[in-house]
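S.K.: Coordinates only, no sequence provided:
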């Protein structure tokens with residue numbers, strides 16, 4: 001899942017945006033036309049599609065420091081956007097974050113309805129934003145157990161529709 005999607009993804013149950021993102025495994029994409037992509041981002045920014053709040057609830061639990069570096073730079077760019085009219089070169093750090101990275105494995109969580117959704121459970125980088133009735137309990141619990149050491153407790157044992165029971 002490209003971080004770009006966090007600008008538009010919302011909870012399929014309650015429609016809350018943004019979703020909290022927990023990154024467990026990261027991939028990198030080769031970018032050929034960074035300046036062209038930056039120009040597209042300017043258009044998206046002017047239309048209100050780029051969401052600064054989508055950058056805030058992102059937590060990197062992978063060991064990839066490039067993700068943290070690019071996320072920090074993207075946050076700084078957003079902070080400066082309201083002060084000046086952006087030029088394509090100004091948005092290259094956003095391109096590097098939104099398009100140059102891929103969340104291969106992770107989880108999304110809606111803080112409003114407390115539901116979680118896997119990223120890369122069956123196919124790396126694909127978020128599974130399904131309603132409760134369409135979820136596979138066995139697959140979701142397998143995903144939680146497999147990644148319980150990396151995911152926060154709020155996902156593993158305190159989210160809907162499925163959670164791993166913590167032994168006391």
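M.R.: Happy to help now that I have it. Here the structure is a predicted model, which is why all the values come from computation and not from measurement.

S.K.: Which residues outside the longest helix along the chain are in contact with it?
M.R.: Ranked by residue count, the top helix of the chain under DSSP state H comes out as helix 65-81. Residues outside helix 65-81 that contact it (C-beta atoms under 8 Å, 6 or more residues apart in numbering): 3, 23, 26, 28, 45, 50, 52, 55-56, 58, 60, 90-91, 93-94, 96-98, 100-101. For the C-beta atoms, the positions are set from N, CA and C on the backbone; glycine is no exception.

S.K.: Counting only helices, which of these make the cut?
M.R.: 45, 93, 94, 96, 97, 98.

S.K.: Check what pLDDT the last one gets.
M.R.: This points to residue 98. Residue 98 carries a pLDDT score of 95 in this model.

S.K.: ok, and the most crowded of the ones in helices among the contacts of helix 65-81?
M.R.: When neighbours are taken as other C-beta atoms under 10 Å, the top entry among these is residue 94 (28 neighbours).

S.K.: who's in contact with that residue?
M.R.: 38, 41, 50, 74, 77, 78.

S.K.: Assess the claim that residue 53 and residue 20 are in contact.
M.R.: No: using C-beta atoms under 8 Å, residue 53 is not in contact with residue 20; the gap is 10.9 Å.

S.K.: And the two? Which one has more around it.
M.R.: residue 20 (19 against 11).

S.K.: quick one: average pLDDT of the longest helix of the chain?
M.R.: Rounded mean pLDDT across helix 65-81 is 93.

S.K.: Please apply the same query to stretch 105-125.
M.R.: Stretch 105-125 comes out at a mean pLDDT of 97.

S.K.: Closest one to residue 12 out of the contacts of residue 94, please.
M.R.: Of all these, residue 12 sits closest to residue 50, with 21.7 Å by C-beta to C-beta.

S.K.: Counting neighbours, what do you get for that closest one?
M.R.: Residues near residue 50, counting by other C-beta under 10 Å: 21.
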